[in-house]
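Asks: got a sequence here, can you build the structure:
(chains A and B)
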Amino acid sequence: MITLWHFLAVGAALFGLGLVGFLTRRNFITMFLCAEMMLQGAVINFLAFGMHHGHIGGQVFALAIITVAACEAGLALALFLTMYRRGKSLDTGDWQAIREAGVAATFDSEALPVPKPEAEDPHLSPAGARPPMTAEEAARV
Amino acid sequence: MTLLADIATDGNLALGQIVAAAVLGAIGVYLLLPQPRGRHVPLGIFFSLSALVTFGVFLFQTYADPTADVVGRVLFWGFAAGALGFGTVLVAQKNPARGAIAFAFVILSCCGLFLLMAAPFLMAATIIIYAGAIIVTFLFVLMLSDSNGPSDENDRSREPLLGSLGGFAFAGLVLFALYASSPAGDGSANELLQEPLTPGDRQDLTAAIQSLEAAEKADNLKDMEERARAARGHVGTVVGFAPGDSAHPGLAEQPAGRPTVANRLQPMATDPRVATIIERSEKLRSKNKDLGDTLENLRFEAKPDLEKGRKAVRAMRDEVVLFTGHGHLPARNVTAIGTALYSEYLIAVELAGTLLLVATIGAVAIAGRKGVQA
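Replies: Predicted coordinates for the structure are as follows:
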């Protein structure tokens, strides 16, 4: 006796989480993964209703969603590649030149944090005496 | 407005839980999102976890446990928490490669939920397809992102406060709509499978299936008839006896106070699903009588053909199994999906194929380098 509403609620929460990621993140690839997560939330809804009605149509529709997700992935990754070739970055902020007319441009006011320089590897002072060269080694050097 | 007023009086607790989960989640994700001035990871994790717990408490208090058995319960809560937890990691992770790993775990958890919803084929298909998708994503991360030092795309967020508030407000509204439209708290009406058969019915039908299977294995007519009669008695108590059937010796009359399936469901017969169940139960009732007649006729033959009796018993057993499983998805998941795809949804399959073809051409056209011959 699995209940319908549990799955609907989980699907809604997954969709909302993906929406937050899609709205706030600036990396194309992360945004793409968040959109896929929203699709998973929708698939959960279809499967839950399909089981609620004892009808296979829900699973067929979920298959259709997977097809659309595959198309979306192919086109999105092709677009990312093209945009990367032009701008050499995955940042959506680089593409605000194509924003709607009359909307002010956004600027990143805060500077990026400077990464801490990594500590160098420790140097060990050589210990022991160098063994005498063999005749073969001397000939090679 | 009356709906809102009703809910405000009845469901203050549930509403408060939804609002608290949304607000806590928004605060948690806001604290976790990458920002140049740094983020507060421990506090963010604390708020996100408390949002998750509040959401779980809301689900549990409003809709009770998802299943009756312990295993199903553990699996549901585990997979749901896994999907949402790794989803939060994906949203908050600075490194896109680690985000892709978190996404893989989101997919695995979702596949667990698919299995709970009786969709094994989709579970396998999703794992196979998304494994490829995630590997391609990895390839893109390796090719395209420079991993030295902070970058605009990974260490900045667009409007973190407004974005997380907006997204969680949306999720909260959907949950509110769900709560307002569900028979909340009433354990009887919200079952995912609306059971047309009572547990007693199921018990009788299972006993009938077992007797029929024993009757099929019998090596003389007398045994077969005896076992089939027991089975026919069980089936008869559930769907009733056809006119003339109770004349057979050894079959009990319909027990007093126990309505047949058709009688019990008659008030809801306008629902097409219920109508098919009633139709099926009547078919089962007449088949029950036919089986008795077939076996009786065999007895009067000079040389009884046991094989004929076996065939009739086998057909009856299949019919009872189908009736017992009414309202459930078919056990042969792949067969059922395939049959549905290539009969009812043929146009959808063709459209999906066309869509894939167009998308492939589009992707090649977009990503193809100008001036380079393929």
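Asks: report the closest residue of chain A relative to chain B.
Replies: When distances are taken as C-beta to the nearest C-beta, chain A reaches nearest to chain B at residue A:16, 2.5 Å away. C-beta here means a position set from N, CA and C on the backbone, and glycine is covered the same way.
Asks: how about that residue, nearest residue that isn't a chain neighbour?
Replies: Spatial nearest neighbour of residue A:16, chain neighbours left out: residue B:171 (2.5 Å); criterion: C-beta to C-beta, 6 or more residues apart in numbering or on different chains.
Asks: so what's that neighbour up against?
Replies: Listed by C-beta atoms under 8 Å, 6 or more residues apart in numbering or on different chains, the contact set of residue B:171 reads A:12, A:13, A:15, A:16, A:17, A:19, B:22, B:25.
Asks: repeat the analysis, applying 7 Å as the threshold.
Replies: Neighbouring residues of residue B:171 by C-beta atoms under 7 Å, 6 or more residues apart in numbering or on different chains: A:12, A:13, A:15, A:16, B:22.
Asks: can you check residue A:129 too?
Replies: Residue A:129 neighbours (C-beta under 7 Å, 6+ apart): none.
Asks: that one in helix, strand or coil?
Replies: coil (DSSP: H, G, I helix; E, B strand; the rest coil).
Asks: any low-confidence regions in the chain?
Replies: Picking chain A for this. Within chain A, the stretches with pLDDT under 70 are A:1-2.
Asks: look at chain B instead
Replies: Residue ranges of chain B with pLDDT under 70: B:1-11, B:147, B:184-196, B:244-257, B:273, B:326-327, B:370-374.
Asks: ramachandran coordinates for residue A:113?
Replies: phi -70, psi 140 (degrees, to the nearest 10).
Asks: burial check on it, number of neighbours?
Replies: Residue A:113: 13 surrounding residues under other C-beta atoms under 10 Å in any protein chain shown.
Asks: now for it: which residues touch it?
Replies: Residue A:113 neighbours (C-beta under 7 Å, 6+ apart): B:36, B:150.
Asks: how far away is the closest residue to chain A within the stretch 151-300 of chain B from residue A:35?
Replies: Residue nearest to chain A within the stretch 151-300 of chain B: residue B:171 (2.5 Å; C-beta to the nearest C-beta). According to C-beta to C-beta, to the nearest Å, residue B:171 and residue A:35 sit 16 Å apart.
Asks: cool, and residue B:55?
Replies: 22 Å.
Asks: between these two, who's got more neighbours?
Replies: Taking neighbours as other C-beta under 10 Å, residue B:55 and residue A:35 compare with residue B:55 leading, 25 against 17.
Asks: okay, now the domains of chain B?
Replies: Domain ranges of chain B: B:2-181, B:199-324, B:333-367, per automatic domain parsing.
Asks: is stretch A:47-67 positioned near chain B?
Replies: Yes: residues of stretch A:47-67 are located near chain B by C-beta under 7 Å from any C-beta of the partner chain, namely A:47-48, A:51-52, A:54, A:56-57, A:59-60, A:62-64, A:66-67.
Asks: list the ones among these that fall in helices.
Replies: Mapping the residues of stretch A:47-67 next to chain B onto helices (DSSP state H) picks out A:47, A:48, A:51, A:52, A:57, A:59, A:60, A:62, A:63, A:64, A:66, A:67.
Asks: the residue sitting nearest the centre point of chain A: what's it in contact with?
Replies: Chain A has residue A:30 as the residue nearest its centroid, 2.8 Å off, counting by C-alpha atoms, centre = their mean. Neighbour list for residue A:30: A:21, B:96, B:99 [criterion: C-beta under 7 Å, 6+ apart].
Asks: at 8 Å what do you get?
Replies: The neighbours of residue A:30, taking C-beta under 8 Å, 6+ apart as the test, are A:21, B:90, B:93, B:96, B:99.
Asks: repeat for residue B:151
Replies: A:89, A:91, A:112, B:145.
Asks: and residue 62, how many neighbours does it have?
Replies: All of this is about chain A. Residue A:62: 27 neighbours (other C-beta under 10 Å).
Asks: chain B is the one I meant
Replies: The local packing of residue B:62 (other C-beta under 10 Å) involves 22 other residues.
Asks: helix, strand, or coil at it?
Replies: helix.
Asks: what do you get for the one 4 residues further on?
Replies: Under the three-state scheme (three-state DSSP), residue B:66 adopts coil.
Asks: so it sits against residue B:75, correct?
Replies: No: using C-beta atoms under 8 Å, residue B:66 is not in contact with residue B:75; the gap is 9.1 Å.
Asks: comparing the two, which residue is more hemmed in?
Replies: A count of neighbours by other C-beta under 10 Å puts residue B:66 above the other of residue B:66 and residue B:75, at 23 against 17.
Asks: if I look at that one, how far off is residue B:117?
Replies: Distance from residue B:66 to residue B:117, counting by C-beta to C-beta: 11 Å.
Asks: for the closest residue to residue B:342 other than its chain neighbours, give me phi and psi.
Replies: Spatial nearest neighbour of residue B:342, chain neighbours left out: residue B:349 (7.0 Å); criterion: C-beta to C-beta, 6+ apart. Residue B:349 adopts backbone torsions of phi -60, psi -50, taken as degrees, to the nearest 10.
Asks: buried sites along stretch B:197-211?
Replies: The neighbour-count check on stretch B:197-211 (16 or more other C-beta atoms under 10 Å in any protein chain shown) flags B:197, B:201, B:204, B:205, B:207, B:208, B:209, B:211 as buried.
Asks: so how far is that stretch off the chain centroid?
Replies: In terms of C-alpha atoms, centre = their mean, to the nearest Å, the centre of stretch B:197-211 is set 24 Å apart from its chain centre.
Asks: so is that stretch next to chain A?
Replies: No: Stretch B:197-211 stays clear of chain A (C-beta under 8 Å from any C-beta of the partner chain), getting no nearer than 10.8 Å.
Asks: helices of chain A, start to end?
Replies: With DSSP H as the criterion, chain A has helices at A:4-24, A:28-52, A:57-87, A:135-140.
Asks: out of those, which gets nearest to residue B:84?
Replies: Using C-beta to C-beta as the measure, helix A:4-24 is the one of the helices of chain A that comes nearest residue B:84, at 5.7 Å.
Asks: which elements pack onto that closest one?
Replies: Here helix A:4-24 touches helix A:28-52, helix B:12-32, helix B:41-63, helix B:70-92, helix B:96-116, helix B:160-181, going by 3 or more C-beta pairs under 8 Å, 6 or more residues apart in numbering or on different chains; DSSP states H and E.
Asks: now the angle between helix B:96-116 and it, please.
Replies: Our comparison of helix A:4-24 with helix B:96-116, counting by axes from the mean of the first three to the mean of the last three C-alpha atoms, to 10 degrees, yields an angle of 160 degrees.
Asks: and the residue of the stretch 1-150 of chain B that's closest to chain A?
Replies: For the stretch 1-150 of chain B, C-beta to the nearest C-beta, closest residue to chain A: residue B:91, 3.7 Å.
Asks: count of residues packed around the closest residue to that residue other than its chain neighbours?
Replies: Nearest non-adjacent residue to residue B:91, counting by C-beta to C-beta, 6+ apart: residue A:21, 3.7 Å away. Residue A:21 has 29 neighbours, counted by other C-beta under 10 Å.
Asks: got the contact list for residue A:21?
Replies: Residues near residue A:21 by C-beta under 8 Å, 6+ apart: A:30, A:31, A:33, A:34, A:37, B:87, B:90, B:91, B:167.
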